[in-house]
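> A structural model of the following input is requested.
(one chain, ligands or ions: 2)
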Amino acid sequence: MNVRAQLVMVFNLDKCIGCHACSISCKNIWTDRKGAEYMWWNNVETKPGVGYPKKWENQEKFKGGWLRENGKLRLRALGKGPTLFNMFFQPNMPKLEDYYEPFDFDYGNLYKAPTGSDQPVAEAFSQISGDRIDKITGGPNWDDDLSGSQLYAVEDSNLADNTLVSDYGRMFMQYLPRICNHCLNPACVASCPSRALYKRGEDGVVLVDQNVCKGWRFCTSACPYKKVYFNWQSGKAEKCIFCFPRTETGQCNACAHSCVGRIRHVGVLLYDADRVEEALLKPDDQLVAAHREVILDPHDPEVRESASRNGVTDQWLEAARKSPVYALVKEFAVALPLHPEFRTMPMAWYIPSLSPVISSGGDLHELADHGTFPLLEKMRAPISFLASLLSGGNEEIIADVIKKQIALRLFKRAGNIGQPIDDSILKNAGLDEAGANKLYRLFTIASYRERFIVPSQQREEQDSYQRKGSSGFGILKKTRGAK
Ligand code: SF4
Ligand code: SF4
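Ligands and ions are numbered 1, 2, ... in the order given. Below you'll find the model as predicted:
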C-alpha cells in the first residue's frame, strides 16, 4: 500500500444554476491578462451541447487521454513516432475557433462619440487583433439556454437518443461546471517532453512550471478535458492551479467560495497509488468501481499508518476523516468521475442531476413505487446520457445514485408533512435513516465549514516530508516534493 493524499472537488449538478460566479471569480484572479483572454480555467457549459472548446469530448477528433492496448495504457496520440514529428506542430490541438475569439466592447465610445442623431453604441472588438467584430459567433458558453435545441443537442456525443432532439416536450437541460480534474494519471504530465508539468506530492495538484515550459503544447493535445491552455503572448502552457495559494492557507478555492448554488465540496481523499494502473486497465463500465477501490478508508489504522510513513501529517489525516468528499464519493457513492473512460482518473467528481424530477412516467412516488423504482428509464434526463457522461456507459451505477436521490427527497418530504416513509424505499436505495439525514445535510444545508475541509500546509513540514511524490501510473518521475 502506497498511500497519498489528494485535494478533491465534488460538484452537485442538481444545484448548479449556471450563474457563472465561479468562472468570473476565477477569471478575475488568474486569467485576467494578455494572452489568457480566451482561457476559462473554470468554465460552465450547458448540456446537452457542444461545450468549451467545442466538442471537447470527441477524442476521435482531439485524440486526448489514454487507450487500453495489449494490457497496457498508452497516450492516445503521442507514441514515440508522432512525438518528434509533433514538436513544432500539434495537429489535434483545438484551434481558436474551437474555443472562440475573445472579445470586449468599446464602452469608451458611449462617452466619447461625437454628438449626432444616433445613439452611440459599444461595438465589439477582438482582444487579440483589436479589430472590430461585426458578428459574434462564439463564446465560452455559447450553447446556454439553447443547449437542448436541435442545433446544439444533436452535436452532444452523450445523447444517443436523438429522438429527444426533435421533441421539445421531452428535452432537458443542465449545467456542467468544469475545472482541471487534477487527475491521478494525468495525460498532460505524461505527455510533456520538457517535464514542465508535475503533480505535487503534498496535495496532488497538477501544475505547470513556467520556467521549464517550452511551449510544445503536447499537454494541450493530451488532456482529454482540454484543461491546459496555450498563452499566445508568453508562449507557455497554463492551467487551473486549484487555487493552491488559497488552499495552502486552509481556504477553499475561489470558484467554490463564490459558488452561488453551493454545489461544491472540497476535501481530502487518501488513495493507494500502487493500484491506480491496475484500476485503469479495467473495461469502461467497470472503471467507476475501480476508481472507488483506489480510494482508501481514512478511519482504517493501517491506511493512516502507511499515509504517515509517506509524510501525510496528522492535520491532513484528520481532514481526510472529516472529508465531505469522502462521504460523497465513497461512503454514499453518489459522486462520479467525469468521463472515466478517458483513463486519467479524474479527481473532480459529479453528483448526477435528478431534476427535472417529473418524468413521462409520473411523479416521484410512481418512480419509487415502494422501493422497486420501476420507471427510471423514463426519467426526463435519460439515464443513458448521464451514464455516457459519468460512468463509462454503466447505467446501473447512475440508477443507483438516482434511486438514492429519489428516496432522500421522499424521506424528507414525508418528514416535513409528518408522515412516515415507506421503509422499503430507503432500504432498497441503499440508505438508512441516519445516512439519509447525513446526506440531506450535505446536499442542502451544510455550512461553509462542512462543505470545505481544507487543511493548511506548512512549508517547513513539506520540506521535511518523506513523501516520494507520486501519484498514479506513469508519472513518478514527474512529481515534485520528493525526497
Ligand atoms: S484534467 Fe487531468 S489531464 Fe487535463 S490538465 Fe487537468 S490533470 Fe492534466
Ligand atoms: S457559481 Fe456555482 S451555481 Fe453558479 S455556475 Fe458556478 S458552479 Fe454553478
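> Under the pLDDT cut-off, which ranges of this protein? List them.
78-87, 161-166, 168, 355-362, 370, 374, 458-483 (pLDDT under 70).
> what does it have sitting close to ligand 1?
180-183, 186-188, 206, 223, 225, 227-228, 239, 344 (C-beta under 6 Å from any ligand atom). Bear in mind the C-beta positions are built from the backbone N, C-alpha and C, glycine included.
> Strands of the stretch 51-200 of the chain, start to end?
Assigned by DSSP state E, counting those that start in this stretch, the strands in the stretch 51-200 of the chain fall at 66-69, 72-75, 103-105, 124-126, 174-178, 197-199.
> Please name whichever of those strands is nearest to ligand 2.
Ligand 2 lies closest, by C-beta to the nearest ligand atom, to one member of the strands of the stretch 51-200 of the chain: strand 174-178, at 3.9 Å.
> Report all helices and strands that that closest one contacts.
Under the contact criterion of 3 or more C-beta pairs under 8 Å, 6 or more residues apart in numbering; DSSP states H and E, strand 174-178 touches strand 43-47.
> Contacts for the strand it packs on, please.
The contact list for strand 43-47, computed with C-beta atoms under 8 Å, 6 or more residues apart in numbering, reads 16, 18, 20, 22-23, 51-52, 140-141, 143-147, 152, 156, 158, 173-178, 389.
> And stretch 91-110, by the same measure?
Here stretch 91-110 makes contact (C-beta under 8 Å, 6+ apart) with 37-38, 52-56, 61-64, 77, 120-128, 133, 136-140, 142, 217, 220-221, 226, 230.
> Is it correct that A289 falls within a helix?
Yes - assessed with DSSP: H, G, I helix; E, B strand; the rest coil, A289 lies in a helix.
> List the contacts of it.
Residues near A289 by C-beta under 8 Å, 6+ apart: 282, 397.
> hmm, try it at 7 Å
Neighbouring residues of A289 by C-beta atoms under 7 Å, 6 or more residues apart in numbering: there are none.
> Check the gap between it and ligand 2 for me.
Between A289 and ligand 2 the computed distance is 27 Å (C-beta to the nearest ligand atom, to the nearest Å).
> deepest of the strands of the stretch 51-200 of the chain, which one?
Each of the strands of the stretch 51-200 of the chain was scored by mean neighbour count; the highest is strand 197-199, a mean of 26, by mean count of other C-beta atoms under 10 Å.
> Packing partners of that one?
Other elements packing on strand 197-199 under the criterion 3 or more C-beta pairs under 7 Å, 6 or more residues apart in numbering; DSSP states H and E are helix 187-191, strand 206-208.
> gap between it and the chain center?
Distance of strand 197-199 from its chain centroid, counting by C-alpha atoms, centre = their mean, to the nearest Å, is 18 Å.
> which parts of the longest helix that the chain contains are buried?
As assigned by DSSP state H, the longest helix anywhere in the chain is helix 395-416. Buried positions in helix 395-416, judged by neighbour count with 16 or more other C-beta atoms under 10 Å: 395, 397-412.
> repeat for stretch 18-38
Neighbour counts over stretch 18-38 (16+ other C-beta under 10 Å) mark 18, 20-27, 29-31, 35-38 as buried.
> Would you mind naming what in the stretch 151-300 of the chain lies close to ligand 2?
Residues of the stretch 151-300 of the chain lying near ligand 2 by C-beta under 6 Å from any ligand atom: 175, 177, 258-261, 263.
> can I get those in TSV with distance to R292 and secondary structure?
TSV is the format used below for those (distance: C-beta to C-beta, whole Å; DSSP: H, G, I helix; E, B strand; the rest coil):
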residue	distance to R292	secondary structure
Y175	25	strand
P177	22	strand
S258	30	coil
C259	25	coil
V260	30	coil
G261	26	coil
I263	21	coil
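> Which of those residues are buried, as a ChimeraX select command?
Applying 16+ other C-beta under 10 Å to these leaves a buried subset, and the ChimeraX line that selects it is:
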select :175,177,258,259,261,263
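> Tell me which two in the residues of the stretch 151-300 of the chain next to ligand 2 are the farthest apart.
Greatest spacing in these, by C-beta to C-beta: Y175 and S258 (15.2 Å).
> quick one, strands of the stretch 251-400 of the chain?
Assigned strands in the stretch 251-400 of the chain, in chain order: 264-272, 295-296, 336-337, 348-351 (criterion: DSSP E, counting those that start in this stretch).
> As JSON lines, those strands with mean neighbour count would be great.
Below are those laid out as JSON lines (neighbours: other C-beta atoms under 10 Å):
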{"stretch": "strand 264-272", "mean neighbour count": "25"}
{"stretch": "strand 295-296", "mean neighbour count": "22"}
{"stretch": "strand 336-337", "mean neighbour count": "26"}
{"stretch": "strand 348-351", "mean neighbour count": "24"}
